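Visitor: pasting the sequence and the predicted model now:
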Amino acid sequence: DQQVKQNSPSLSVQEGRISILNCDYTNSMFDYFLWYKKYPAEGPTFLISISSIKDKNEDGRFTVFLNKSAKHLSLHIVPSQPGDSAVYFCAASKISSGSARQLTFGSGTQLTVLP
Amino acid sequence: DSGATQTPKHLITATGQRVTLRCSPRSGDLSVYWYQQSLDQGLQFLIQYYNGEERAKGNILERFSAQQFPDLHSELNLSSLELGDSALYFCASSLRTGGVVDTQYFGPGTRLTVL
């Protein structure tokens, strides 16, 4: 039962253009969403997050949009740079048993930015 | 920001064997999380410890166990290994736990290959 889905395994965009990575979730108990970036042979690194009480959060070239009614979020990267080429994971957070928070990850999207 | 530290980077072993993966959290972090990433899959949450105590359990098999020691480093023990246990195992750490959303800082992972 995949509660967080990234339906596009890969995405290629031209340098300077916009990259849009999508993520869908099914569990309405998720109240915080995060994007992580992963380079080969490294662990995931935190990129940007958004609380469920917001619909947009921006940090430099990165913007995350949340549509709660559609249970959908997206990450926009503008302008895209070759160094952005990596696997991007969407993650959703909710309080689990024992008041601890758990992250549920999507399967990732490989972004390739072409020079 | 640097993440948790993990050893070893690579581990090759045979079916039926037992291995131990080690994780040291970032300085000051009290929570440690373990994740498994199988081929083309997202990160699956296994277990979380906070200040030496188990706080949350995910999809962790009974053959797997973990603990967090007084110096806050953690070990993940995998026993009676099967071919399907071959995966990347990530450790992450964060400052707190509970209802607060904390950024998790990941280590580079241990690649386990079971032959």
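Guide: Yes, it's here. Numbers count the residues shown, from 1 in each chain, chains lettered A, B, ... in the order given.

Visitor: residue in chain A nearest to chain B?
Guide: Residue of chain A nearest chain B, by C-beta to the nearest C-beta: residue A:43 (3.2 Å). For every residue, glycine as well, the C-beta is placed using N, CA and C.

Visitor: who's in contact with that residue?
Guide: In this structure, residue A:43 makes contact with B:3, B:4, B:6, B:90, B:92, B:106, B:107, B:108, B:109, judged by C-beta atoms under 8 Å, 6 or more residues apart in numbering or on different chains.

Visitor: swap in 10 Å and give it another go.
Guide: A:36, B:2-4, B:6, B:35, B:43, B:88, B:90-92, B:104-109 (C-beta atoms under 10 Å, 6 or more residues apart in numbering or on different chains).

Visitor: what subset of those residues is buried?
Guide: A:36, B:3-4, B:6, B:35, B:43, B:88, B:90-92, B:104-109 (16 or more other C-beta atoms under 10 Å in any protein chain shown).

Visitor: apart from its neighbours in sequence, what residue is nearest the residue of chain A closest to chain B?
Guide: Residue nearest to residue A:43 in three dimensions, not counting chain neighbours: residue B:106, with 3.2 Å by C-beta to C-beta, 6 or more residues apart in numbering or on different chains.

Visitor: partner residues bridging the closest residue to chain A within chain B?
Guide: As assessed by C-beta to the nearest C-beta, chain A sits closest to residue B:106 within chain B, at 3.2 Å. Taking DSSP bridges as the rule, residue B:106 bridges to residue B:92.

Visitor: for it, which residues are in contact?
Guide: Counting by C-beta under 10 Å, 6+ apart, the residues that residue B:106 touches are A:36, A:38, A:42-46, B:3-4, B:6, B:33, B:35, B:43, B:90-93.

Visitor: please report the distance of residue A:59 from residue A:50.
Guide: Using C-beta to C-beta, to the nearest Å, we find residue A:59 at a distance of 10 Å from residue A:50.

Visitor: residue A:86 too?
Guide: As judged by C-beta to C-beta, residue A:86 and residue A:50 stand 20 Å apart.

Visitor: got the residues of chain A near chain B?
Guide: When proximity is defined by C-beta under 10 Å from any C-beta of the partner chain, chain A lies next to chain B at A:2, A:4-6, A:9, A:31-34, A:36, A:38, A:41-46, A:49, A:51, A:89-91, A:93, A:95-108.

Visitor: just the buried residues of the residues you listed.
Guide: Looks like the residues of chain A next to chain B have A:4-6, A:31-34, A:36, A:38, A:43-46, A:49, A:89-91, A:93, A:95-96, A:100-108 buried, using 16+ other C-beta under 10 Å.

Visitor: helix/strand/coil for residue B:22?
Guide: Each residue gets one of three states, and residue B:22 gets strand by DSSP: H, G, I helix; E, B strand; the rest coil.

Visitor: after the worst-scoring helix or strand of chain A on mean pLDDT, which helix or strand is next?
Guide: The helix or strand of chain A with the poorest confidence is strand A:101-105; it has a mean of 86 (mean pLDDT, DSSP states H and E). Remark: after strand A:101-105, the chain's next helix or strand is strand A:109-114, criterion DSSP states H and E.

Visitor: tell me the strands beside that following strand, with direction?
Guide: strand A:10-14 (parallel), strand A:86-95 (antiparallel).
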